[in-house]
Structures are given as C-alpha cells and as structure tokens.
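Asker: my questions are about this predicted structure, shown below with the sequence.
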Amino acid sequence: MSKQLIFTSHAPAAIGPYSQAIRVGQWLYTSGQIPLNPATGELVAGGIVEQTEQVMNNLAAVLEAAGLSFAQVVKTTIFLTDLGSFSQVNEVYARRFTSTPPARSTVQVAALPRGALVEIELVAVEG
C-alpha cells in the first residue's frame, strides 16, 4: 500500500525531518502539532488555553488538507508539560469533538519543542 504526503501551508511546516501527516489507504496519521502560528512559525502568545486553541486549529488545517474533519478522528494523544492544565485543555478539546469523541491518551512530559505547553497528534479514518 502506498503512502501519500499531506501538506498544507495553513499549518506550521515541519521543524525537522518529518511530515505534517501521512495517508495510508483510508487512514491518516498526523505528526504532533505544537502551538506555532503557521504564518510566522512562532509560538502563539498566551497560556495553555491559547496554545491548545492553536494546536487544534493546526490539526483542523491538516485534516482539511486530507479531506477529513474532526468527525473522522479515532485516536488522539495529548502531551502536556503540566497535567495540572488537564481541565483547561479538555475544555478547548471538547469543542472540537461534540459527539462520539475519539479514544485518547494524555501524558505529562518533561519538555516539548520550542517551549510549548501542549502537543497533540491524531489518527483519523475516512469513511
């Protein structure tokens, strides 16, 4: 089965040797998105709420580039530098998954690229 590169200028370009997303058949696998403004490449101003909003906007752009939406997401992984912000992240996250939310893992990590507070990756399936 072949793999297809998914890229959009509406999400931050990769800051290393990886792709924004790869489609294999009906499956889409995204790289983790951190809260970078795609126009500037800089971390968005603000705290965990603003950063989570930007991450979700970046993921929405990648999904759209693949012809998908949050409705087709089946699994997410959230990386936080502080699990104390879990409830604030949940509030932002829940606005994108209003019915049948995907399976999810959330873990605390020591650090994220560029000093981000949150990173989210996802898996979606067409159909």
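Answerer: Nice, thanks for sending it over. Numbers count the residues shown, from 1 in each chain.
Asker: now stretch 18-32: how far from the chain's centre is it?
Answerer: Relative to the chain's own centre, stretch 18-32 is displaced by 11 Å; criterion: Cα atoms, centre = their mean, to the nearest Å.
Asker: okay, it in CSV with CA atoms only?
Answerer: What follows is stretch 18-32, C-alpha atoms only, in CSV (Å, rounded to 0.1, in the frame of the first residue of the first chain):
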residue,chain,number,x,y,z
TYR,A,18,9.0,14.6,9.3
SER,A,19,5.7,15.3,7.5
GLN,A,20,2.7,17.1,8.8
ALA,A,21,0.7,13.9,8.0
ILE,A,22,0.8,10.7,6.0
ARG,A,23,-2.2,9.0,4.5
VAL,A,24,-2.1,5.2,4.0
GLY,A,25,-5.3,4.0,2.3
GLN,A,26,-8.2,5.3,4.4
TRP,A,27,-6.0,6.1,7.4
LEU,A,28,-4.4,9.5,8.2
TYR,A,29,-1.6,9.8,10.8
THR,A,30,-0.6,13.2,11.8
SER,A,31,2.6,14.3,13.4
GLY,A,32,2.2,16.1,16.7
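Asker: buried stuff in that stretch?
Answerer: 20-23, 28-32 (16 or more other Cβ atoms under 10 Å). Any C-beta I mention is one placed from the backbone N, CA and C, and that applies to glycine too.
Asker: where does the protein dip in pLDDT?
Answerer: Under the criterion pLDDT under 70, no range of the chain is flagged.
Asker: so where do the strands sit in it?
Answerer: Along the chain, the segments classed as strands by DSSP state E run 3-6, 21-24, 27-30, 73-80, 103-108, 118-125.
Asker: helices and strands around the fourth one, which ones?
Answerer: In this case it means strand 73-80. helix 86-94, strand 103-108, strand 118-125 (3 or more Cβ pairs under 8 Å, 6 or more residues apart in numbering; DSSP states H and E).
Asker: turn the strands of the chain into TSV, columns for distance to residue 91.
Answerer: TSV is the format used below for those (distance: least, Cβ to Cβ, whole Å):
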stretch	distance to residue 91
strand 3-6	28
strand 21-24	25
strand 27-30	22
strand 73-80	13
strand 103-108	14
strand 118-125	13
